[in-house]
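Student: After the sequence you'll find the predicted model.
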Amino acid sequence: MKLSSFFFALIILGFISAAPDLSASPQDQVYRTDARLEASTGIPRALYFQSKGPYKGTPEEKAREYLLEQVKTLRLTPGLPDLTTVNVAESPMGYHVTFQQTVNDLPVYRSDIVVTVNRGDRVVFTVNNYKPNLKIESPRPKFQAADAIQYARTYLKVTGKLIGEQSATLMVYAENPKKPRLAYRVIVPTEKPLGEWE
């Protein structure tokens, strides 16, 4: 059995005046029989029991066509220039297509869209973590990925050997969409402290 611990540690570039809310509270959600909406914005964060389509093409093409139709509803950028396909997974019910939001070609942390297309070529479920209108003044970090890894190792007080590959990925951190920041997502798998730390 693999023991895995998760530690959420993002190295934020620049100064942060207040800690962002990392997850929407139940009070910020409105639940309907066919959707879950973000109360503060009205953005649909999940759409259930849909039957949109049918669409033609590959699972990705079907999902993209659906999203192009839903630009206004989901508050997406017209034409979807900031969505990159990162995964297409098949299941008994159909396909689950995952898109990653990007800003200046950088992935946005925890900002993806998953579209489920059933065997009848219809979209039946959507999860929307897209953050509209994000802008970054400068896509250049103040320090390099190796520095981010070292900062994380120092913070964790790593003394054991690595049990996997450590990494640092430059991303846009936008839990507060009005103040997006550059950040490194750092992963350090180590024996001491034991775990795969993020």
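Tutor: Received the coordinates, thanks. Residues are numbered from 1 along each chain as shown.
Student: Any idea which helix or strand in this protein has the lowest mean pLDDT?
Tutor: Least confident element among the helices and strands of the chain, by mean pLDDT, DSSP states H and E: strand 10-12 (a mean of 31).
Student: Mind checking what helix or strand follows that one in sequence?
Tutor: For strand 10-12, the following helix or strand on the C-terminal side (DSSP states H and E) is strand 29-31.
Student: pull the CA atoms of the strand ranked longest in the chain into PDB?
Tutor: Ranked by residue count, the top strand of the chain under DSSP state E comes out as strand 106-118. Once non-C-alpha atoms are left out, strand 106-118 reads as follows in PDB (Å, rounded to 0.1, in the frame of the first residue of the first chain):
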ATOM      1  CA  LEU A 106       0.200  29.100 -19.100                       C
ATOM      2  CA  PRO A 107      -2.300  26.700 -17.500                       C
ATOM      3  CA  VAL A 108      -4.700  28.100 -14.900                       C
ATOM      4  CA  TYR A 109      -4.500  26.200 -11.600                       C
ATOM      5  CA  ARG A 110      -7.700  24.300 -10.900                       C
ATOM      6  CA  SER A 111      -9.500  25.700 -13.900                       C
ATOM      7  CA  ASP A 112     -10.700  23.000 -16.200                       C
ATOM      8  CA  ILE A 113     -13.900  21.900 -18.000                       C
ATOM      9  CA  VAL A 114     -15.000  18.300 -18.200                       C
ATOM     10  CA  VAL A 115     -17.600  17.500 -20.800                       C
ATOM     11  CA  THR A 116     -19.300  14.000 -20.800                       C
ATOM     12  CA  VAL A 117     -20.500  12.700 -24.200                       C
ATOM     13  CA  ASN A 118     -22.600   9.600 -24.100                       C
END
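Student: Now do whichever strand or helix holds residue 67: everything it contacts.
Tutor: Using DSSP H and E, the element containing residue 67 is helix 59-69. Under the contact criterion Cβ atoms under 8 Å, 6 or more residues apart in numbering, helix 59-69 has outside partners 52-53, 55-57, 74, 76, 79-80, 83, 85, 88, 90, 94-95, 97, 99, 113, 115, 117, 121, 123, 126. In this view, the C-beta of every residue, glycine as well, is placed from N, C-alpha and C.
Student: quick one: the helix or strand just after that helix to chain centroid distance?
Tutor: Using DSSP H and E, the helix or strand that follows helix 59-69 towards the C-terminus is helix 71-74. Remark: helix 71-74 is offset 18 Å from the chain centroid, using Cα atoms, centre = their mean, to the nearest Å.
Student: Pull out the buried residues from helix 71-74.
Tutor: residue 74 (16 or more other Cβ atoms under 10 Å).
Student: Just after it, pick out the following helix or strand.
Tutor: strand 83-91.
Student: quick check: angle from that next one to helix 59-69?
Tutor: Angle of strand 83-91 versus helix 59-69, following axes from the mean of the first three to the mean of the last three Cα atoms, to 10 degrees, is 130 degrees.
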